[in-house]
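Trainee: Got a predicted structure plus its sequence, pasted below:
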Amino acid sequence: MKNHIGKLLPRYTFVLNPYAEYRFTRCPGCKQKMRQRKLPLFIHVDPMNSVALNYTCRYCPDCDLLLAHQDQIESHLARVFAQYDPSLIGNDYMVLGTMERQAWRESMKEPKAISEMLEHVHGFKELQTVRVQPGGWYPASMDPSELPVQEPGPLNTPWNARRFRPTAKRFGPPTPPQRPKLKRKRRRRRRS
Ligand SMILES: [Zn+2]
């Protein structure tokens, strides 16, 4: 499915890197060293919110590929929504495109309606996912396509912290921190 959100022409192939431990200094497409490009990313947050984050992406000019690290994006989102509306923290979100810098600056000074922001958004040409095949020793006869793939582990970010504590009560007073229990050493009675 093509993702044609926004009024402007689509730009870039976009990758949201789900690994915290792999930073893709080389392009996942062509293996060349990646450059950087700082852009306002336009992000939709469920149910009805949008935000533009000025973020330094990794960029491959040959593939026209933009890559953002999911853990960093979620940290930025958590920081923004902690001020704006903390109840939305942890909701599903999607990076939909890039926003024109000038419009982004204006929206920082004065919040704009989503419809107005979309006038200045380039959707992505394509969304791609990445999976890492960790290095190691494998039989020479092995087909490269059969190399094991390391699935990304769960990200522990301030955005999804709630999901890591499914039993935490959202309402009511916070439970006091438990003191570590100290075990008393039993003293041996000395027999004299
Ligand atoms: Zn590339």
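Mentor: Arrived safely. Residues are numbered from 1 along each chain as shown.
Trainee: Contact residues of this structure facing the ion?
Mentor: Contact residues (Cβ under 5 Å from the ion) of the chain with the ion: 27, 29-30, 60, 62-63. Quick note: C-beta positions are derived from backbone N, CA and C, even for glycine.
Trainee: ok, now with 8 Å
Mentor: Residues of the chain found near the ion (Cβ under 8 Å from the ion) are 27-32, 34, 60-63, 65.
Trainee: Pull out the buried members of these.
Mentor: Taking 16 or more other Cβ atoms under 10 Å as the criterion, what is buried in those is 27-29, 34, 60, 63, 65.
Trainee: could you pull out the strands for this protein?
Mentor: With DSSP state E as the criterion, the chain has strands at 8-17, 35-45, 49-60, 65-69, 93-99, 121-128.
Trainee: Kindly state which of the ones you listed is positioned closest to residue 137.
Mentor: For residue 137, the closest of those is strand 8-17, at 25.8 Å, according to Cβ to Cβ.
Trainee: helices and strands around that closest one, which ones?
Mentor: Under the contact definition 3 or more Cβ pairs under 8 Å, 6 or more residues apart in numbering; DSSP states H and E, strand 8-17 sits against strand 65-69, helix 70-84, strand 93-99, strand 121-128.
Trainee: who touches the residue nearest the centre of the chain in this structure?
Mentor: The geometric centre of the chain, computed from its C-alpha atoms, lies nearest to residue 70 (Cα atoms, centre = their mean), at 2.0 Å. When contacts are counted by Cβ atoms under 8 Å, 6 or more residues apart in numbering, residue 70 touches 16-18, 155, 157.
Trainee: from the residues you listed, which is closest to the ion?
Mentor: Of all the contacts of residue 70, the ion sits closest to residue 17, with 14.1 Å by Cβ to the ion.
Trainee: How about the closest one: what's its closest non-neighbour residue?
Mentor: Nearest residue to residue 17 in three dimensions, chain neighbours excluded: residue 69, at 4.9 Å (Cβ to Cβ, 6 or more residues apart in numbering).
Trainee: any idea how far the ion is from that neighbour?
Mentor: Going from residue 69 to the ion by Cβ to the ion, to the nearest Å gives 17 Å.
Trainee: thought that residue was touching residue 21?
Mentor: No: with contact defined as Cβ atoms under 8 Å, residue 69 does not reach residue 21; the gap is 10.7 Å.
Trainee: quick one on the thing from earlier: quick one: closest of the strands of the chain to residue 114.
Mentor: Evaluated with Cβ to Cβ, the strands of the chain place strand 49-60 nearest to residue 114, the distance being 4.8 Å.
Trainee: Report all helices and strands that that closest one contacts.
Mentor: Applying 3+ Cβ pairs under 8 Å, 6+ apart, one finds that strand 49-60 contacts strand 35-45, strand 65-69, helix 70-84, helix 101-109, helix 114-118.
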